[in-house]
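Enquirer: A predicted structure for the sequence below; I have some questions about it.
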Amino acid sequence: MYCGNCFRDNALVTALRRQGHETLMVPLYLPMTLDEVDARGETPTLFGGVNVFLSQKLPSHRRAPSWLRRWFDAPWLLKWASGKAARTRPEEVGEINFSMLQGEEGNQARELEELIAWLKGQERPDVILLSNALLTGLARRLKSELGRPVIVFLQSEESFLDSISEPWRTRSWDMLRERAREVDGWIAPSRYFAGRMRERLGLPESRVRVVHNGILLDGYPVERRSLAGNSRPTLGYFARMCPEKGLDIVVDAYLELRRRKRVPNLQLRVGGGCGAGDEAFVSRQKQKLTDAGVLADCVFAPNLSRVEKIAFYEACDVLSVPARQSEAFGLYVIESMAAGTPLVQPSCVTFPELIEETGGGILYGPNTVGALADALEPLFGELRRLRMLGEAGRRVVRERFTDATMASATVRAIRDLLEDRVSAVNVNRNATTRVSEASASL
């Protein structure tokens, strides 16, 4: 199971190191599955997913001997567990998610103390970065034990938390809002998501910075291939193969275009992550294509390597991922543009922001099958416009959405947040002093 957030974290750490920043990446729960060189080095996987699960389900395991817990953290066992994790859905993990947000008060308190003990054996950092808001429960103990500020990245937590079943959904949001007070700053991948999470967590604007995601461009084409030579126009989809990302909308829009018969020989290419929990949904999409007699014109390519992924994007004339839920960024947007392939995206969540800043696609609305088909159909008859959109997106991604630009912007955001934090502390200290002096003079 490939994770876009893991890709982004790995690219960020690699770029930070290239720019001279000593950066330690500590994977939690399960080994990272990447299509790039793993930046963690010899760092072990901490907060092992098997121990985290057993600590949640078995109170006795929280007191288990250390040798037994180390056995459950064996790399081969965590690798096996990572395959099983692909079956889980947010609605199934509400209770354990809430416990993690409780931090030292949750059922994983021992795992937290083991993490802190390991970190104390490493060089003391200047700042601690947490990959996403679901780890905010760690902030209090990390700050008190390591004496360093904690900054949290925001990465699509809203849709995950909103998918959790009650009562854990409400409890998780409430706990996250409570624990958010202990965080020194937040970094969001888009203005849209910064605003959403400021509103939902009650964060002051001064504590949130926006840093767009970036990607490693190695292997992406410097120039876009010519569309004029294509014998068959191709519609693409690349994201996790699930309802949340709108795969069924793309399939139905493709079927609608085939029924209209105004885009001759249209092909469909579907790529991206497909875990065990997604297979039944994907089978239903294939059955629709089979029933329509067009499955032979479609390609399903799950869990591709990096080279295969880039080739996939290049083979598409236009891409669409009509996500239904709140999308913090959408790494596939800039990946597709880096390959020179424009996108047709719904006019919602972060997509207007990214399309406006890159010029690498068009927007449609509402997010329905008919509206998507209506937006796609004329594009396949305008090769010149497709080339212009693709080139615009490719150029802007190379200028502003690389791993290097992301790393530089992240360092600036961290410095700004920490400077604002020091200024706020000084203001509060001066205000306290004035109040004390006023009280003494009464």
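Expert: Yep, that arrived.
Enquirer: for the protein, which spans come out with low pLDDT?
Expert: For the chain, the stretches with pLDDT under 70 are 1-3, 34-35, 83-91, 224-231, 423-442.
Enquirer: so what's residue 59 up against?
Expert: Residues near residue 59 by Cβ atoms under 8 Å, 6 or more residues apart in numbering: residue 107. In short, each C-beta sits where N, CA and C put it, glycine included.
Enquirer: how far away is it from residue 71?
Expert: Distance from residue 59 to residue 71, counting by Cβ to Cβ, to the nearest Å: 19 Å.
Enquirer: Over to residue 32?
Expert: Look at residue 32 and residue 71: by Cβ to Cβ, they are 21 Å apart.
Enquirer: Looking only at neighbour counts, state which of those two leads.
Expert: Counting neighbours by other Cβ atoms under 10 Å for residue 32 and for residue 71 shows that residue 32 has the greater number, 20 against 13.
Enquirer: Distance check, the more buried one against residue 137.
Expert: Separation of residue 32 from residue 137 (Cβ to Cβ) stands at 21 Å.
Enquirer: can you list the domains in this protein?
Expert: The chain breaks down by automatic domain parsing into domains covering 4-210, 227-400.
Enquirer: With distance to residue 416 as added columns, please give those in a markdown table.
Expert: A markdown table is the format used below for the domains of the chain (distance: least, Cβ to Cβ, whole Å):
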| stretch | distance to residue 416 |
| --- | --- |
| domain 4-210 | 6 |
| domain 227-400 | 19 |
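Enquirer: Mean neighbour count, those: which tops it?
Expert: Among the domains of the chain, domain 227-400 has the highest mean neighbour count (mean count of other Cβ atoms under 10 Å), at a mean of 19.
Enquirer: got the contact list for residue 223?
Expert: residue 340.
Enquirer: make it 10 Å
Expert: By Cβ atoms under 10 Å, 6 or more residues apart in numbering, residue 223 lies in contact with 340, 391, 394.
Enquirer: With residue 193 instead?
Expert: Shown in contact with residue 193 (Cβ under 10 Å, 6+ apart): 154-158, 208, 210, 326-329, 349-350, 353.
Enquirer: show me where this protein has strands.
Expert: With strands called from DSSP state E, the chain shows them at 128-130, 150-153, 185-188, 208-210, 234-238, 267-272, 298-302, 318-319, 343-346, 361-364.
Enquirer: Now tabulate these in a markdown table and tack on distance to residue 97.
Expert: Converted to a markdown table, those look like this (distance: least, Cβ to Cβ, whole Å):
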| stretch | distance to residue 97 |
| --- | --- |
| strand 128-130 | 15 |
| strand 150-153 | 16 |
| strand 185-188 | 19 |
| strand 208-210 | 22 |
| strand 234-238 | 28 |
| strand 267-272 | 24 |
| strand 298-302 | 26 |
| strand 318-319 | 32 |
| strand 343-346 | 28 |
| strand 361-364 | 33 |
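Enquirer: Nearest to residue 176, out of those?
Expert: Residue 176 lies closest, by Cβ to Cβ, to one member of the strands of the chain: strand 150-153, at 10.1 Å.
Enquirer: Just the CA atoms of the closest one, as CSV, please.
Expert: Taking Å, rounded to 0.1, in the frame of the first residue of the first chain, the C-alpha atoms of strand 150-153 are listed here in CSV:
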residue,chain,number,x,y,z
VAL,A,150,7.0,20.8,18.3
ILE,A,151,5.5,21.7,14.9
VAL,A,152,2.9,19.6,13.2
PHE,A,153,2.3,19.1,9.5
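Enquirer: could you turn stretch 240-248 into PDB, dropping everything but the C-alphas?
Expert: Only the C-alpha atoms of stretch 240-248 are listed here, as PDB (Å, rounded to 0.1, in the frame of the first residue of the first chain):
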ATOM      1  CA  ARG A 240      -5.800   5.200  -4.500                       C
ATOM      2  CA  MET A 241      -8.500   3.100  -6.200                       C
ATOM      3  CA  CYS A 242     -11.300   3.800  -3.800                       C
ATOM      4  CA  PRO A 243     -14.700   5.700  -3.700                       C
ATOM      5  CA  GLU A 244     -13.200   8.600  -1.700                       C
ATOM      6  CA  LYS A 245     -11.000   9.500  -4.600                       C
ATOM      7  CA  GLY A 246     -13.800   9.200  -7.100                       C
ATOM      8  CA  LEU A 247     -12.600   6.300  -9.300                       C
ATOM      9  CA  ASP A 248     -16.200   5.300 -10.000                       C
END
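Enquirer: coming back round to it: right, and the strands of the chain - which one's nearest residue 418?
Expert: Judging the strands of the chain by Cβ to Cβ, what sits closest to residue 418 is strand 185-188, at 7.2 Å.
Enquirer: Quick check: residue 188 vs residue 54, distance?
Expert: From residue 188 to residue 54 the distance is 34 Å (Cβ to Cβ).
Enquirer: oh, I was asking about residue 232
Expert: From residue 232 across to residue 54, the span is 52 Å (Cβ to Cβ).
Enquirer: Also residue 370?
Expert: Using Cβ to Cβ, we find residue 370 at a distance of 49 Å from residue 54.
Enquirer: Same question for residue 11.
Expert: 32 Å.
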